[in-house]
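Colleague: Kindly generate the corresponding structure for this input.
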Amino acid sequence: MTANHRVPRLNPKLANFKLCIGRSRIERYGVFAGEAIPARKRVIQYTGERIRVREALRRAVKMLWAGKAGRIYTVRLNRRWKIDGSVGGSGAELINHSCEPNLTMRKIHRQIFLYSFRKIKAGEELTVDYGFRCSVPCRCGSSKCRGTMCRLG
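Modeller: Predicted coordinates for the structure are as follows:
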């Protein structure tokens, strides 16, 4: 089954708080806090297959050439490597973009973790600023929305 057609799920062993997947007002599915999360706490680890940047590009091009309207769940680990959350992901790959996020990504010892910026209420959707380098339209709905997922400045 491909990442586009699988039933989304979370790996609770990689989350430090109760989290759940639900329908998102931003995009398809999202990850929601199942309990209050204090500020500056590790929330979940972003896991998946570790692949070279070149392989990530090959997979994206292959998907586009096949005419698939799928999502790409890769996060840059460093100049050479990415983590593809669609293969063995923790569920963190389903966290949607927001221009006013409540999480931030940190790379620690060749691993990626998501930490809370501020206190997150139970039931609140978890979000992170993707900071893409290209212009991808944003639908986060935040009053501070830039209109693009591209990091400005």
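
Colleague: for the worst-scoring helix or strand of the chain on mean pLDDT, packing partners?
Modeller: The helix or strand of the chain with the poorest confidence is helix 53-65; it has a mean of 85 (mean pLDDT, DSSP states H and E). Contact here means 3 or more Cβ pairs under 8 Å, 6 or more residues apart in numbering; DSSP states H and E; on that basis helix 53-65 packs against strand 74-76, strand 81-84. In short, each C-beta sits where N, CA and C put it, glycine included.

Colleague: if you compare the ones you listed, which one is most tucked away?
Modeller: Most buried of the helices and strands packed on helix 53-65 by mean neighbour count (mean count of other Cβ atoms under 10 Å) is strand 81-84; its value is a mean of 21.

Colleague: and it, what does it pack onto?
Modeller: Using 3+ Cβ pairs under 8 Å, 6+ apart, strand 81-84 sits against strand 49-52, helix 53-65, strand 74-76.

Colleague: mind redoing it with 6 Å?
Modeller: Judged by 3 or more Cβ pairs under 6 Å, 6 or more residues apart in numbering; DSSP states H and E, strand 81-84 is in contact with strand 49-52, strand 74-76.
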